[in-house]
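Asks: here are the coordinates; sequence isn't available:
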């Protein structure tokens, strides 16, 4: 995970734990059940967060490797496709800019 996301998750976990500790003396069946569910959810989120990041990273890396391989196998086709997409994007943007300037 990124440092910012990790720090944010750690801060959130610390605040949730502090809330659980602060309400430890509170009485009530509903509150005790809610505290337990919050604790279980927090534990599951902290354990599963890194796993989710790992799976997403693995899929992104696999996709990047597939694209890299395709570009190396078919370099001219890749250049032609990129040029076509760039030309299409340029055409769309130039028409959009022209329309905005015409209405101003």
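Replies: Yes, it's here. Because the structure is predicted, anything quoted here is derived from the model rather than measured.
Asks: gap between the longest helix seen in the chain and the chain center?
Replies: Across the chain, the longest stretch assigned as helix under DSSP state H is helix 29-73. Counting by Cα atoms, centre = their mean, to the nearest Å, helix 29-73 is centred 10 Å from the centre of its parent chain.
Asks: name the helices or strands packed onto it?
Replies: Contact here means 3 or more Cβ pairs under 8 Å, 6 or more residues apart in numbering; DSSP states H and E; on that basis helix 29-73 packs against helix 3-22. From N, CA and C alone the C-beta is placed, and that goes for glycine too.
Asks: average pLDDT for the helix it packs on?
Replies: Averaged over helix 3-22, pLDDT sits at 71.
Asks: What is the burial count for residue 19?
Replies: For residue 19, the number of neighbouring residues by other Cβ atoms under 10 Å comes to 12.
Asks: With residue 17 instead?
Replies: By the criterion of other Cβ under 10 Å, residue 17 has 13 neighbours.
Asks: Within its local environment, how many residues does the residue lying closest to it once chain neighbours are set aside see?
Replies: Excluding the flanking residues, the one nearest residue 17 by Cβ to Cβ, 6 or more residues apart in numbering is residue 42, at 7.4 Å. A count of neighbours around residue 42, defined by other Cβ under 10 Å, yields 16.
Asks: Then residue 38?
Replies: Considering only other Cβ under 10 Å, residue 38 is surrounded by 15 other residues.
Asks: Same check on residue 67?
Replies: 11.
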